[in-house]
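Asks: turn this into a structure:
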Amino acid sequence: MKFTQLYFLFCIALSAPLALAQSKYSYLHQTTNEILQIDRSSMKMTPGDFASIATRACKTLELLLKDENFKKDLSDLANAAGSHSTYHKQLTDDLVLFIDSFLRRESDLLKQAGLTPKASSEVLLVASSVRVSLREKPDLSKLIENIERLRTEICRAASAVAKAQDDERAREQRWKTVRRWGLGLAGLSLIGADAIALAPSGGVATASFTLGGVAVGAAIAQ
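Replies: This is a model prediction of the structure:
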């Protein structure tokens, strides 16, 4: 299949109709929106900007780690993931199936959860970039450990910003750090948006759990 045809299918997936719904993880999705929508060309990423973003992300991850709904949803998704391994392998082997079956459904769920079109697009690009990880068995304990490590890093950054320099090199590093945090939050929003869809769409939901977990791992590994 030609690249233009695949691009057309990808665009269709992103243009799925927006349904109005309120996600139980709206606080997570709102923070993801904030980070993924930052426009590099219009923001210098001063220490103050960085501190504001870090403080918001820190509080969001603290809430998430204390959220009993999130713990239960992670456990349910992890337990169900094995029963959909064949479908997940098909998603890795067949790009058209991945676009049509996963991205189309995921786009709708992300928008229902309250992610903006720009943030939704970035989340789906993250998922697409780690699609090969669907061949792997997800590790719940490792995911929780990685979320905690990301939270620790972000919260420390929020409190240490008073000592930060404000030259061009420092701003560039802050940009890279915030974009890395955005990768992790994108993964968590992917999981959160699908947690409500486990029963009617188990294969997609557990795929999102796997891909989201890999994104969080990638965020702390960089």
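
Asks: in this structure, which helix is the longest?
Replies: As assigned by DSSP state H, the longest helix anywhere in the chain is helix 168-194.

Asks: avg pLDDT for it?
Replies: Across helix 168-194, pLDDT averages out at 92.

Asks: buried ones in that helix?
Replies: 171, 174-175, 177-194 (16 or more other CB atoms under 10 Å). All C-beta atoms are positioned from the backbone trio N, CA, C, and that covers glycine.

Asks: name the helices or strands packed onto the helix or strand encompassing residue 142?
Replies: Per DSSP states H and E: residue 142 is located in helix 140-160. Packing partners of helix 140-160 (3 or more CB pairs under 8 Å, 6 or more residues apart in numbering; DSSP states H and E): helix 47-66, helix 68-81, helix 168-194, helix 202-221.

Asks: how about stretch 150-158: buried residues?
Replies: Across stretch 150-158, burial judged by 16+ other CB under 10 Å covers 150, 151, 153, 154, 155, 157, 158.

Asks: closest to residue 91 among those residues?
Replies: For these, the minimum distance to residue 91 (CB to CB) is 25.7 Å, reached by residue 150.

Asks: now the closest one. Nearest residue, chain neighbours left out?
Replies: Distances taken as CB to CB, 6 or more residues apart in numbering place residue 184 nearest to residue 150, at 4.9 Å, with adjacent residues excluded.

Asks: how near is the one you found to residue 33?
Replies: As judged by CB to CB, to the nearest Å, residue 184 and residue 33 stand 15 Å apart.

Asks: now swap in residue 103 and tell me
Replies: On the measure of CB to CB, residue 103 and residue 33 end up 19 Å apart.

Asks: hang on, the earlier thing: ok, the residue nearest to residue 150 - contacts?
Replies: The contact partners of residue 184, taken as CB atoms under 8 Å, 6 or more residues apart in numbering, are 146, 147, 150, 215, 216, 218, 219, 220.

Asks: could you do residue 122 as well?
Replies: By CB under 8 Å, 6+ apart, the contact set of residue 122 is 36, 182, 186.
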